[in-house]
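Trainee: Any chance you can model this:
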Amino acid sequence: KLIQPQYLNLTAVSESILMDNLQIFQKNGFDFVVDENAPITQRVKLISLPTSKNWTFGPQDVEELIFMLSDSPGIMCRPSRVRQMFASRACRKSVMIGTALTAGEMKKLISHMGEIE
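Mentor: Numbers count the residues shown, from 1 in each chain. Purely as a prediction, here's the structure:
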């Protein structure tokens with residue numbers, strides 16, 4: 001949570017996209033307060049940002065998510081920095097060359113590799 005809500009410099013269109021997709025922003029760890037009575041472009045305030053260990057996210061990630069949602073409204077998507085964080089964590093948990101695996105671990109690894117996009 002932020003100590004003080006933060007105004008975002010959004011256009012009317014961007015603000016509308018954000019308000020129409022609040023659940024996607026919340027699933028990404030962002031939280032907002034919406035004041036329907038405020039002037040357009042000032043209705044949304046950022047009150048919480050996602051953080052994860054050494055990763056800090058900010059308004060630029062909100063803007064990227066708005067851009068992505070303008071192309072694909074209502075579809076769950078992640079900002080590029082979130083995907084980078086997931087990839088970084090996946091690398092740390094990867095199987096190293098030379099590591100002995102049981103037959104079950106090998107099957108599980110091959111199965112999961114088949115699910116990668």
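Trainee: For residue 94, give its distance to residue 25.
Mentor: With the distance defined as CB to CB, to the nearest Å, residue 94 ends up 30 Å from residue 25. Just so you know, the C-beta spots here come from the backbone N, C-alpha and C atoms, and that holds for glycine as well.
Trainee: Likewise for residue 19?
Mentor: From residue 19 to residue 25 the distance is 10 Å (CB to CB).
Trainee: More neighbours: which of residue 94 and residue 25?
Mentor: More crowded of residue 94 and residue 25, by other CB atoms under 10 Å: residue 25, with 22 against 10.
Trainee: pretty sure residue 8 is in contact with residue 42, am I right?
Mentor: No: between residue 8 and residue 42 there is no contact under CB atoms under 8 Å: 9.1 Å.
Trainee: Neighbour count: the two, which is higher?
Mentor: Shown here are residue 8 and residue 42; by other CB under 10 Å, residue 8 has more neighbours (17 against 13).
Trainee: which residues of this protein fall in helices?
Mentor: 12-20, 22-27, 59-71, 80-92, 103-113 (DSSP state H).
Trainee: by contact count, what packs against the fourth one?
Mentor: If contacts are counted by 3 or more CB pairs under 8 Å, 6 or more residues apart in numbering; DSSP states H and E, helix 80-92 sits against helix 59-71.
Trainee: Please state the mean pLDDT value computed over the helix it packs on.
Mentor: Per-region confidence: helix 59-71 scores 94 on mean pLDDT.
Trainee: so how far is it off the chain centroid?
Mentor: Relative to its chain's centre, helix 59-71 lies at 10 Å (CA atoms, centre = their mean, to the nearest Å).
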